[in-house]
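Engineer: everything below, folded, please.
(one chain, ligands or ions: 1)
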Amino acid sequence: MVFRFQETRDVSATAESDYQTRRRFLTSLGVGTAGAIATVATVRHWRQPPITAQPPIESFARNNTFSVTRPLTKENRVLRFNNFYEFAADKRSVVRHSRGFRLDPYTLVVDGLVKRPLALGLEDLQAMQLEERVYRFRCVEAWAMTVPWVGIPLASILARVEPTAGAKYVAFESFFDVSQAPRQADQQYPWPYREGLRIEEAMNPLAFIALGMYGRFLQPQNGAPVRIVLPWKYGFKGPKSVVNITLTATRPPSFWHTLQPLEYGFTANVDPAVPHPRWSQSHEIEIGGWGRRRPTLKFNGYGEWVAHLYPRR
Ligand code: MTE
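Structural biologist: Purely as a prediction, here's the structure:
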């Protein structure tokens, strides 16, 4: 069994309802006696018609530098199976609860220890030279996807603001709007969702700011209008619906690390040899792959690009 959740939730800061939702999710992957019933619900969920509300992105170039050999995950699966705790803890209902979510007007502020702070409107970002990159995506919960993202390298934005010598970290902050995301009123979570990187990690060519996927602008449930994608790290390191990028001298807070520091590290690189305290990371399940397991790759297969950032001491 890939997942070994404890029967008690004493080590979990996750709310009871979230915990039960996670158990239902595991069951739906075939773990537990109610697997057959849950599988029917899962099939019904994924048979719903494709969501195509967002307009296609007219111009972008394919960047094959980081190409992968795995087939793409079906778009409808990526659109209907989400982690976005601002809207729901149940992966299949995020799509429903986030429908209509909009940050309008949208501004991405890039500030902190920089020479030239920036405030970029959505039009500014969309007018940049956009590229498509197919990345493997790995969630800490041991499921995986393969997604064609469209966006811009994070390093290109950081170069524009000219970080000062004192800038050692890059902090990301997601939106905060209780009127659109009522779960943000729940004070057991440290809203808004925050994450961070060392500046060398943020400058790595793999670090990406996504505006779209599958050739369309992002849907709300996938982090519209702008999210961070870091393919060598677990998915929780990449915040959705980001409104602020700040260069700092000290290590910034991280949402899940703040909640459960022993379960979610700050670095959080994909590593089959480092189990999560409650389950193994040795294997992963592809979403839409009918429960097929395959070995997890160290750095999610991106060691060539990032291993030098983590020298063994
Ligand atoms: N960003 C915000 N703001 N809120 C979240 O709950 N969940 C993270 C990450 N970014 C999350 C977030 C986690 S745990 C994962 S696995 C990915 O988003 C899921 O992205 P997806 O729903 O597009 O697959």
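
Engineer: correct me, but Tyr193 touches Ala181?
Structural biologist: No: using Cβ atoms under 8 Å as the test, Tyr193 is too far from Ala181 to be in contact (10.0 Å). The way it works is simple: take the backbone N, C-alpha and C, and place the C-beta from them, glycine included.

Engineer: quickly list what's touching both of those two.
Structural biologist: Glu86 (Cβ atoms under 8 Å, 6 or more residues apart in numbering).

Engineer: which one is the residue in the stretch 151-300 of the chain that the ligand sits nearest to nearest to, not counting chain neighbours?
Structural biologist: Minimum separation of the stretch 151-300 of the chain from the ligand (Cβ to the nearest ligand atom) falls at Gly235, amounting to 2.8 Å. Leaving aside its sequence neighbours, Gly235 sits nearest to Cys139 (Cβ to Cβ, 6 or more residues apart in numbering; 4.3 Å).

Engineer: neighbours of the one you found, just the number please.
Structural biologist: 18 (other Cβ atoms under 10 Å).

Engineer: pull up the gap between it and Gln281, please.
Structural biologist: Using Cβ to Cβ, to the nearest Å, Cys139 is found at 11 Å from Gln281.

Engineer: tell me which stretches of the stretch 201-313 of the chain form helices.
Structural biologist: Counting by DSSP state H, counting those that start in this stretch, the stretch 201-313 of the chain has helices at residues 255-259, 303-306.

Engineer: let's have the ones you listed in JSON lines, adding distance to Ile228 and mean neighbour count.
Structural biologist: Listed next are the helices of the stretch 201-313 of the chain as JSON lines, based on distance: least, Cβ to Cβ, whole Å; neighbours: other Cβ atoms under 10 Å:
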{"stretch": "helix 255-259", "distance to Ile228": "13", "mean neighbour count": "19"}
{"stretch": "helix 303-306", "distance to Ile228": "15", "mean neighbour count": "15"}
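
Engineer: can I get these in a markdown table with mean pLDDT?
Structural biologist: Listed next are the helices of the stretch 201-313 of the chain as a markdown table, based on pLDDT from 0 to 100:
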| stretch | mean pLDDT |
| --- | --- |
| helix 255-259 | 97 |
| helix 303-306 | 98 |
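
Engineer: sorry, back to before: residues contacting the residue nearest to Gly235?
Structural biologist: Cys139 neighbours (Cβ under 8 Å, 6+ apart): Asn83, Tyr234, Gly235, Phe236.
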